[in-house]
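J.: quick one: sequence and predicted model below, then my questions.
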Amino acid sequence: MESKRAVITGIGAVTPIGNNVEDSWKNIVAGKHGFAPVTKIDTTDLKVTIGGEVKDFEYADKREARRMDLFVQYGITAAGEALNMSGLVSGENITPERLAVYGGSGIGGITTLEREIVKAHEHGPKRVTPLLAPLIITNMLAGQIAIKYQAKGTALGIVTACATGTDAIGQALFSIRRGEADAVIADAAEAPFALATFAGFENMTAMSKSDDPDRASIPFDRERSGFIMGEGAGALIIEELEHAKARGAVILAELVGYGSTCDAFHITQPEETGEGAANAIRLALENAGIRPEEVSYINAHGTSTPYNDLVETRAVKTVFGEHAYKTPMSSTKSMTGHLLGAAGSTEAVYCVKAINEGIIPPTIGYKERDEALDLDYVTEGSRKMDVNVAMSNSLGFGGHNASIIIRKYR
């Protein structure tokens, strides 16, 4: 059976630098970050005090919001924006049973869980909400999106830590190719600003303790010391090409490749040679039928942790060889922070915009060169350039590696 082509017809985003795609992209291009002292938790007893919080967000339906953790509210909002852009309406221009959802989160409803545990211990078990389970489970993003937008096809929750968003998009690609759906809402969301989350990552020494927002998330810089936590959501409408053409949809880009591997090495550390990440990149290229020298831009995982940035650089060099030095690679986490499970989905949105606008996002905050990190990290502001092919990488706890490739539609 001939493999079907998958195109992107809508994108949506809620991020620390904008609650929709255009605002977020405008700040990306301008090189503006969304970091400030954290307001959602009391950081008095913490050494990490800077975060990338979503600002001025209000879910459209207050009644619905009571039955959703914040991560689901972010995810549904991003999905709604993507669907509006796409013009896709279940029951009107797509059969409900042919509309699928791949929705994920790395942590799920952690803020609700923390609040209800405190309530149980301080006020007794009868005070715990009867909605606890549907509020906290990670698959509820896919479930709630399906309910709201009448997607009666497959609705799966993807959980692969910080690779979640990229895996959701990749699995959507495979679903379209196999003919299982005419369109997929690929979405990932995170709302991790709970005291326990911060304390756990801080005690792991994974987060930056910098109190300077301009020098907190500094991927590839010699003085990088950890990631800055962010929150939000990213969504893409991934549609079978002929279905999109038949309804007159505007095609933003084509999703052409996906690779997924596991280091099988350590629960938090990437394998030091970058072999697992390199294999995911290689698989994505092979899956897309694209050579390394055809890649215009790489949106790096680029967390600003000492080990990740080094390992990812090694992985790119392993696959791209000498062409690695000619391929711009930047980390938008220098502006959004690390959205954990939602990182890959928001970064895929930025790749689509890079292709459409002919602009490569910068890596901001970079000052000190690390001799081991010697690629083109786009550290001097956004760069105007024709972007035909964009790659996005994600690496997650548990050794999960995922790469996707998005190409200008032709």
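T.: Nice, thanks for sending it over. These numbers were taken from a predicted model, which means no experiment stands behind them. Numbers count the residues shown, from 1 in each chain.
J.: all contacts plus neighbour counts: C-alpha atoms, from now on.
T.: OK.
J.: so who does residue 23 touch?
T.: residue 17 (CA atoms under 8 Å, 6 or more residues apart in numbering).
J.: okay, residue 235: pLDDT?
T.: Looking at residue 235, its pLDDT stands at 99.
J.: bridging residues for it?
T.: For residue 235, the beta-bridge partners are residue 12, residue 187 (DSSP bridges).
J.: who touches it in this structure?
T.: Counting by CA under 8 Å, 6+ apart, residue 235 touches 11-13, 75, 78-79, 82, 185-188, 345-346, 349.
J.: equivalent analysis for residue 98, please.
T.: 151, 152, 153, 180, 181, 182, 183.
J.: ok, the residue lying closest to it once chain neighbours are set aside - how many residues close by?
T.: Once flanking residues are discounted, residue 98 sits nearest to residue 181: 4.7 Å by CA to CA, 6 or more residues apart in numbering. Other residues lying near residue 181 total 25 when counted by other CA atoms under 10 Å.
J.: which stretches of the stretch 101-250 of the chain form helices?
T.: Ranges of helices within the stretch 101-250 of the chain are 110-123, 132-136, 140-149, 164-177, 195-203, 241-246, based on DSSP state H, counting those that start in this stretch.
J.: just the angle for the fifth one relative to helix 110-123, thanks.
T.: Taking axes from the mean of the first three to the mean of the last three CA atoms, to 10 degrees, helix 195-203 and helix 110-123 form an angle of 110 degrees between their directions.
J.: CA atoms only for helix 195-203 - export them in CSV, please.
T.: Output of helix 195-203 as CSV, limited to C-alpha atoms (Å, rounded to 0.1, in the frame of the first residue of the first chain):
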residue,chain,number,x,y,z
LEU,A,195,6.7,23.1,45.0
ALA,A,196,7.5,19.4,44.9
THR,A,197,8.5,19.6,41.2
PHE,A,198,10.8,22.5,41.8
ALA,A,199,12.3,20.9,44.9
GLY,A,200,12.9,17.6,43.1
PHE,A,201,14.6,19.1,40.1
GLU,A,202,16.6,21.5,42.3
ASN,A,203,17.8,18.6,44.5
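J.: let's have the chain start at 41 instead
T.: Got it, the first residue is 41 from now on, which makes the last one we talked about helix 235-243.
J.: for it, what is the average pLDDT?
T.: Helix 235-243 shows a mean pLDDT of 96 in the predicted model.
J.: just the second one next, same as before
T.: Averaged across helix 172-176, pLDDT comes to 96.
J.: burial measure for the closest residue to residue 268 other than its chain neighbours, as a count.
T.: Spatially, and ignoring its direct neighbours in sequence, residue 268 is nearest to residue 377 (4.9 Å; CA to CA, 6+ apart). Residue neighbour count, defined by other CA under 10 Å, stands at 30 for residue 377.
J.: what's the answer for the one 3 residues further on, then?
T.: Applying the criterion other CA under 10 Å, we find 31 residues in the vicinity of residue 380.
J.: where's it relative to residue 270, distance?
T.: Using CA to CA, to the nearest Å, we find residue 380 at a distance of 7 Å from residue 270.
J.: OK, contacts around residue 337?
T.: Counting by CA under 8 Å, 6+ apart, the residues that residue 337 touches are 367, 368, 369, 400, 427, 429, 430, 431.
J.: from those residues, which is closest to residue 247?
T.: residue 369 (22.3 Å; CA to CA).
J.: export the contacts of residue 337 to JSON lines and tack on distance to residue 358?
T.: Output for the contacts of residue 337, formatted as JSON lines (distance: CA to CA, whole Å):
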{"residue": "367", "distance to residue 358": "13"}
{"residue": "368", "distance to residue 358": "16"}
{"residue": "369", "distance to residue 358": "15"}
{"residue": "400", "distance to residue 358": "23"}
{"residue": "427", "distance to residue 358": "22"}
{"residue": "429", "distance to residue 358": "19"}
{"residue": "430", "distance to residue 358": "18"}
{"residue": "431", "distance to residue 358": "15"}
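J.: so which of the helices of the stretch 141-290 of the chain gets nearest residue 42?
T.: Going by CA to CA, the one of the helices of the stretch 141-290 of the chain nearest residue 42 is helix 204-217, 8.5 Å.
J.: tell me which residues of the closest one are tucked away?
T.: 204-217 (16 or more other CA atoms under 10 Å).
J.: equivalent analysis for stretch 116-132, please.
T.: 116-123, 125-130.
J.: returning to that earlier point: now do the residue nearest to residue 138 against residue 50, distance only.
T.: The spacing between residue 221 and residue 50, counted by CA to CA, is 16 Å.
J.: likewise residue 151?
T.: 29 Å.
J.: out of those two, which sits in the busier spot?
T.: Higher neighbour count among residue 151 and residue 50: residue 50, with 28 against 21, using other CA under 10 Å.
J.: the helix or strand hosting the more buried one: how far from the chain's middle?
T.: Using DSSP states H and E, residue 50 falls within strand 46-54. Offset of strand 46-54 from its chain centre (CA atoms, centre = their mean, to the nearest Å): 13 Å.
J.: using PDB, write out every CA atom in that strand.
T.: In PDB, the C-alpha atoms belonging to strand 46-54 read as follows (Å, rounded to 0.1, in the frame of the first residue of the first chain):
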ATOM      1  CA  ALA A  46       1.200  14.200   5.900                       C
ATOM      2  CA  VAL A  47       0.900  18.000   5.900                       C
ATOM      3  CA  ILE A  48       0.600  20.600   8.700                       C
ATOM      4  CA  THR A  49      -2.500  22.800   8.300                       C
ATOM      5  CA  GLY A  50      -2.700  24.500  11.700                       C
ATOM      6  CA  ILE A  51      -0.500  25.300  14.700                       C
ATOM      7  CA  GLY A  52      -1.200  26.600  18.200                       C
ATOM      8  CA  ALA A  53       0.800  27.600  21.200                       C
ATOM      9  CA  VAL A  54       0.700  28.800  24.800                       C
END
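J.: on contacts alone, who are the packing partners of it?
T.: Contact partners of strand 46-54 among helices and strands, from 3 or more CA pairs under 8 Å, 6 or more residues apart in numbering; DSSP states H and E: helix 61-70, helix 110-126, helix 204-217, strand 272-280, helix 281-286, strand 293-302, helix 383-397.
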